[in-house]
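> Pasted the sequence and its predicted model underneath.
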Amino acid sequence: MKVIKVKNYDEVSAEAFKVMKEVVTSKKDAVLGLATGSSPIGLYENMIKDHKENGTSYAQCQSFNLDEYVGIDRNHEQSYWTFMHENLFHGIDLPEDKIHVPYGNTKEDCQAYEKAMENVQVDIQVLGIGGNGHIGFNEPGTPFTEETHIVDLTEKTRSDNARFFENDINKVPTQAITMGIATIMKAKKILLVASGANKADAVAAMVNGPVDPNCPASVLQNHNDVVVIVDEAAAAKL
Ligand SMILES: O=P(O)(O)OC[C@H]1O[C@](O)(CO)[C@@H](O)[C@@H]1O
C-alpha cells in the first residue's frame, strides 16, 4: 500500500489525477471503477478539465460504479446515477452505453451487476473512505467475501449523508446496493482519496490496523497495488 501525503484537498485531487491519467493514457479502453461522495469530486473536475483542454479521450472506456441507494429513482436528484452524470460523465463525454451503476434491491439485481463485470477487470478502482472505515457501502462487519449485495445503512452513514438530503436523515434511504469487498479487490489498481480530520481514525486503521472487517478499508492491505492519497488532516494519525 503506497501512501502519499499532501497538504490539502486540492493537492489530493491533483495527485489522484496523475494516477488516473497514467492509466487512461496507457490503456484507451480502460475500465474505470468509480466512487461517489465528496472526496473524488476534485479528481473528477481534473479529469474534465484535462479532457476539455488536452483532449484526453474516454470514448472507449467503460465505468462501473461502487454503489447506489435503494428505493430512489435512477434520475432522483440525489441518486448516485445523477451525481456521476453531473460530476463526471457529461464532462468527459463518456458514452452512455458504457456506464454501469448498480440498481435495484434484489439478489437478482446484485447478480446482474456481477454478471456485467464478469468479462472485464477494473483497471483502476477509485475509492473514498467512510468515517467508520467503510468502502462503497460496505459497513464495518461486512465479510470480505461478499460480492455485490444489498446493505442496511448505519445511522452514522445516513447521518453523514443527510447533508445531501436537506439535512433530514429521514429522507436518506435506509438501504443501498453496493459492490462487495471481494468485487472491489478484483481491481487491478485501487486509488483511495481521503481528506479531513474526520477521516484520520479510519485512515490510520486502514493503513496500520489489523486486517479486520471492523475496518472494511483494512482489507486493502492485502491488495498488491493500492495508492492512498491523503491530506495532512486525514494523515494526522498515521
Ligand atoms: O467522500 P465522502 O463524501 O466523505 O464519503 C465517504 C464515503 O461515503 C460514501 O459516500 C457512502 O456513504 C462512499 O461512497 C464514500 O466513499
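Arrived safely, thanks for sending.
> Excluding chain neighbours, what is closest to residue 89?
residue 99 (6.1 Å; Cβ to Cβ, 6 or more residues apart in numbering). Just so you know, the C-beta spots here come from the backbone N, C-alpha and C atoms, and that holds for glycine as well.
> give the contact list for the one you found.
62-63, 84, 89 (Cβ atoms under 8 Å, 6 or more residues apart in numbering).
> So in terms of bridging, what pairs with it?
residue 63 (DSSP bridges).
> Looking at the contacts of residue 99, spot the one nearest residue 139.
Residue 139 has its nearest neighbour among those in residue 84, at 21.5 Å by Cβ to Cβ.
> buried ones in the lengthiest helix in the chain?
If each helix of the chain is counted by residues according to DSSP state H, the longest one is helix 9-26. For helix 9-26, a neighbour-count test (16 or more other Cβ atoms under 10 Å) marks 9, 11-13, 15-17, 19-20, 23-24 as buried.
> Using TSV, lay out these together with distance to the ligand and pLDDT.
Shown next, in TSV, are the buried residues of helix 9-26 (distance: Cβ to the nearest ligand atom, whole Å; pLDDT from 0 to 100):
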residue	distance to the ligand	pLDDT
9	11	98
11	16	98
12	11	98
13	12	98
15	16	98
16	12	98
17	16	98
19	17	98
20	16	98
23	19	98
24	21	98
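> gap between the most centrally placed residue in the chain and the ligand?
In the chain, the residue lying closest to the centroid (Cα atoms, centre = their mean) is residue 35, at 2.4 Å. Residue 35 sits at a distance of 5 Å from the ligand (criterion: Cβ to the nearest ligand atom, to the nearest Å).
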